[in-house]
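**Student:** Quick one, fold the following:
(3 chains)
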Amino acid sequence: MKVLLKHTLLASVVAVTTAAQAEVNIVSWGGAYTASQQKAYQDTYKDPGSINFINYNGGLGEVRTQVESGNVTWDIVDVLPHEGRVGCDEGLFEELDRSRFAPAPDGTPMDDDIMVELPNDCVVPQIFWSYVPFYKAGTFKDAQPTTIADFFNVKKFPGKRGIHTWPNALIEMALLADGVAVKDVYKVMSTPEGIDRAFMMLDKIKDHAVFWSSGAKPLELVQSGEVSMALAYNGRIGAAILSEDAPFVTVWDGQVLEEEWLGMMKGAPNKEAAMDFLIHASTTQSQAEQAKYINYGPMRASAFEIIKKGEPWFHNGKNIMEHMPNRPEVMPRSVVASPEWWADYGDSVGERYTAWMGQ
Amino acid sequence: MSTAPATVDGPLLTADGVPLKESLQISLRRSKMRALLLVLPPLLFLIFLFVIPIGNMLTRSVDDNLINDVLPNTFAAFETWDKKSEPTEAMFEAFYKDLRDADRTDIGKASVRMNYANPGWRSLIKRTARKIDKMEPPYKEAFLKADDRWLDQDFWRSLGIMKDRVTFGYYLNAVDLDYDYDKNIIQQDEERKVYNLLWWRTIKVSIIVTIACLLLAYPVSYLLATLPMRIANLLMICVLMPFWTSLLVRIVAWMIMLQQNGVVNDTLVAAGVLSDENRLSMMYNFNGTIIVMTQILLPFMILPIYSVMKTIPPSYMKAAQNLGATPTLAFIRVYMPQTIPGIGAGCILVFIVAIGYYITPELVGGKDGRLIGNMVAYHMQRSLNWGLAAAMGTILLCVILVFYWVYDKIIGIDNMKMG
Amino acid sequence: MSSENALVRFVDIQKSYDGEALVVKNLNLDVAKGEFLTMLGPSGSGKTTCLMMLAGFEPATHGEIFLNEHPINRVPPHKRGIGMVFQNYALFPHMTVAENLAFPLEVRHMDKSEREQRVKRALDMVQLGKFGDPRPAQLSGGQAQRVAVARSLVFDPDLVLMDEPLGALDKNLREQMQYEIKHIHENLGLTVVYVTHDQSEALTMSNRIAVFDDGIIQQCDPPPVLYEEPNNAFVAGFIGENNRFVGKVTEDSGDTVKVEIEAGAVVVAKKVNVEGVGSRSTLSLRPERVTVDPEAGSLPNIFSGKAEELIYLGDHIRTRFTVLGHDDFIVKIPNSAAHARLKEGDTVNIGWNAEDCRALDPSD
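**Tutor:** Okay, here's the model as predicted:
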């Protein structure tokens, strides 16, 4: 009896560990975003049970800890543009065999199908998202805000402004509001005078600023009337409008687009299974599928074509294109964030921004 | 008596002629070994979870080995440069050799380190490294073709900051100082100064929170210690309730209570105490941090004070009154001094926890309620500047040790009672 | 008792903690100036409650306490000026011995030199002249006890209360301290109200002992009276050892009564506290008042007894007999040259005087 019990226990332990080994751990941001990834990638995958999503709060701290200690438990990480580059530079991510990824339906290789330049061989395309200003319909009586300059104009559009506690996108927006052309933004930002100019613009809303650090907060702030306008992730605003009919109005001017990539951990425990899933997640079809559940723009141009032809594409029968941050109509007035600039100047501008907040 | 082996000139011997000391040691050896075995697990625990991480932190905060391993030729060539004239071909060649020979990820890591010394290094190295395989002499021209910033002497001169294998640069940065290119200590750029502000704010917040906790905890502990068991137990559950509730739930509850459109403000406006425009800002700022941290850390103050108060027999207060002291005077002169060990333990505990706190300030601190702990977390998780994070951690440790030392001088560590 | 020179008077005092039961039932007691009065009784008898009411830590539910003819029910403890030695001394652990002693003087705003002088005098009085500096925790039990006494006296109170002050000491030290406290009391002419449950302590020290039971003073008399002439069965049983028989009064001849014990035998006893013929009575007889093997007819009470057990105690031999159906009859036989050499199992006559056998209430 005892022996039998022991063997059963042993067998179940072995079963559990092997099952766990076959599992691919993919780390992402949680909420509606992870849900869209699960529906578009996991549910359409040949073996959905082998994929396990884990939530995190971004940053490479845990990634570096795992790789440096040699105790890697994650396989795939969903990262921001900056982390996608640093992770590859510091050898925290695997370099991937690009030839294995699926080309677009017209035969274009994946790397040429991506709407931005591929930064390195570690990352796999995901989506574009953006920092964008919005307000609640009915907040302003006469003129409605239409430009990024309006966001910085508290005389014309009174009320508080919800902004985030780090400088990304805010520097770009401040310069756009100050009249800098979209194509010149990073040129101006690369000079000390340019940074001063951005902070002078930020000073105009400083006394009216309410700071947020978690993505749901700006929506609460605008909804409750605590602020009259706020910056938020475009996907959060879109989700509120598309799924809950929230009366939010997005100002499609001066948004700052950010890339989102997938990377594979250096020394990932299930390298081959993870690679297989990455190939699946980056196909044109998977990318288009994701837009049924969230209004973040696919990075592959071919996916965009499928969505355009398939409207109304959103899962509840609404049109999604007008909520896509990288649709062609808004691109002329959008800045694609430069991870390279932020890699160089992020620390110093970050310190200056923190000091500015606390003054 | 006649068998007593003691002699005047030799060591004391046992009955069989072995020196007494030796045989004592043999008899004690077994118990010593056993004691050592018992101590071993906690000792290993201490080494792995305390000594090694702290050693690692201290090392990281001054370590500049990587860059010197990656760029040996460059630093050698740098030493021959007069730091005024244009960088020489020899320097470019040295740089070329280093970039060519080094491991790619090492170059990546090195460029991150170099970017701290002079912003821009990261992209400069990256762009150059991409073309390194196709480069041919003269290297100066080849480098300039890759990126024209190579003529910018600031980049070259910033090498001077990194040429030693041990650096105190992270410590300087952590207190708003910096090295100039000749490794003289200078003030950080005015608009980048942020850490000193945060240090003072952190200490200020910790002290305020400690005092607030003490003022709130003292009467509560007194009630707990003196009320009848049944009521005291109920009160104790209320005190411990926060321990059983998730930190986030508690913080969100405070947000609902204290925000501009929160319960407290709504009530005050409805009661006519405040007008609608003058709603108090108690959340997303300094006040929010203080209020929420005080609530969260309160049990750490109550429990040690309570456990000390519990041991003070009521007869002391009676005796003092019997000897002619009014109840108030008896409380101040006789009761309070006896609670000092508990007060000390509570204060030290709350202060140490408060000084490293970052979750609460992150969520409710807004723009002026964020503390140094938030910066440590930021540099650990986001900027990956672990050297700076380690330096700040070390300073934090020193601040705690200083307060500990002051406490020892004033009250005495032996007097501390945790319960 | 006359109340003329009474320092403390309890008048019709009742005390209840819960509103349901009385802990102290209608207490009337005077304590004369200079008297050493001991409240003696088992735990829960109300003696400590009385002391606490006198010190001011418990309010009386009913009645009035007078100190020097002034009612003090509404006077808070710190204004009563009564010295007190607590059960565990209650020496303040964060102060030195000298600071402890100076405390009552300090709160009375006495100036420093006077304070020091008084502290020194108080310490000298308890033979601890050189023990001003240590903290209470560094003292031995006996030293701490002395300090507690010194502290209760240092501000010259007329009245000192002591709540089982010697309970924590070992036997030898306790006896020594009993004498010291008694001497201090005599030398200073203090009035002391002393609470204890130890009867030998009470007998040693007191001018008068109030025996408490069930919230009532059973008897309040000087020690010899209490021992020799207990008023009732409880006091007889609580103070010293006694042999008891319970029986029915068959004849009442004024000074003496005849009491029939269950066994049928009749004992002649001194009438103290019996209601009359036909009522029940407890007879109390001290073990040292029993004569072994008396001459026939020399004593009114002579019965046959069987020696069950002998214990040699040096100055006397404690012998347990079976007499009149009771197998717990104790006799203390003096260890004199003339005493009978008994062995266990011997049957002898034992007898006693009617004077020494007190007929009391039937107790339970």
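
**Student:** Quick check: C:M162 vs C:L190, distance?
**Tutor:** C:M162 sits 11 Å away from C:L190 when distances are taken as C-beta to C-beta, to the nearest Å. C-beta here means a position set from N, CA and C on the backbone, and glycine is covered the same way.

**Student:** Quick check, A:V132 in contact with A:A232.
**Tutor:** Yes: when contacts are counted by C-beta atoms under 8 Å, A:V132 is listed as touching A:A232 (6.9 Å).

**Student:** hang on, the earlier thing: compare C:M162 and C:L190 and say which one has the larger neighbour count.
**Tutor:** Residue environment comparison for C:M162 versus C:L190 gives the larger neighbour count to C:M162, 25 against 21, counting by other C-beta atoms under 10 Å in any protein chain shown.

**Student:** Next secondary structure after whichever strand or helix holds the more buried one?
**Tutor:** With elements taken from DSSP states H and E, the one containing C:M162 is strand C:159-163. Beyond strand C:159-163 on the C-terminal side, the first helix or strand identified by DSSP H and E is helix C:171-188.

**Student:** Report the secondary structure state of A:F53.
**Tutor:** On the three-state scheme (DSSP: H, G, I helix; E, B strand; the rest coil), A:F53 is labelled strand.

**Student:** just C:V257 next, same as before
**Tutor:** Under the three-state scheme (three-state DSSP), the conformation of C:V257 reads as strand.

**Student:** and it, how many neighbours does it have?
**Tutor:** Counted by other C-beta under 10 Å, the residues lying close to C:V257 total 24.

**Student:** Look up how far B:D368 lies from the closest residue in space to it that isn't next to it in sequence.
**Tutor:** With sequence-adjacent residues excluded and distances taken as C-beta to C-beta, 6 or more residues apart in numbering or on different chains, C:V257 is closest to C:K271, at 4.7 Å. Relative to B:D368, C:K271 is positioned 95 Å away (criterion: C-beta to C-beta).

**Student:** what do you get for C:S304?
**Tutor:** Taking C-beta to C-beta as the measure, C:S304 and B:D368 are separated by 102 Å.

**Student:** the more surrounded of the two?
**Tutor:** B:D368 (17 against 13).

**Student:** and that one, that's in a strand?
**Tutor:** No: if the criterion is three-state DSSP, then B:D368 is coil and not within a strand.

**Student:** Pretty sure B:A217 sits against B:M301.
**Tutor:** Yes: contact status for B:A217 versus B:M301: in contact at 3.8 Å, counting by C-beta under 8 Å.

**Student:** Can you tell me the closest non-neighbouring residue to A:S228?
**Tutor:** In this structure, A:S228 finds its nearest non-sequential neighbour in A:G159, 2.5 Å apart by C-beta to C-beta, 6+ apart.

**Student:** For that neighbour, list the residues it contacts.
**Tutor:** Contacts here follow C-beta atoms under 8 Å, 6 or more residues apart in numbering or on different chains; on that basis A:G159 touches A:139, A:208, A:227-229.

**Student:** Okay, helices next: where are they in the stretch 101-250 of chain B?
**Tutor:** Counting by DSSP state H, counting those that start in this stretch, one finds helices in the stretch 101-250 of chain B at the ranges B:104-117, B:121-130, B:139-146, B:153-157, B:159-162, B:169-174, B:195-226, B:229-244, B:247-258.

**Student:** ok, residues contacting the strand or helix carrying A:M200?
**Tutor:** Following DSSP H and E, one finds A:M200 within helix A:192-206. With contacts defined as C-beta under 8 Å, 6+ apart, helix A:192-206 is touched by A:151-154, A:161, A:163, A:170-171, A:174-175, A:177-178, A:187-189, A:345, A:349, A:352, A:356, B:191.

**Student:** Which parts of chain A belong to which domain?
**Tutor:** A:2-128+A:258-325, A:130-257+A:332-358 (automatic domain parsing).

**Student:** can you give me the offset of stretch C:60-70 from its chain's centre?
**Tutor:** Between the mean C-alpha location of stretch C:60-70 and the chain-wide mean there is a distance of 23 Å, by C-alpha atoms, centre = their mean, to the nearest Å.

**Student:** Ends of it, what's the gap?
**Tutor:** End-to-end distance for stretch C:60-70: 15 Å, by C-alpha to C-alpha, to the nearest Å.

**Student:** ok, now which ones touch C:T49?
**Tutor:** C:15, C:23-24, C:58 are the contacts of C:T49 under C-beta under 8 Å, 6+ apart.

**Student:** If anything else comes up later, I'll come back, but that's it for now.
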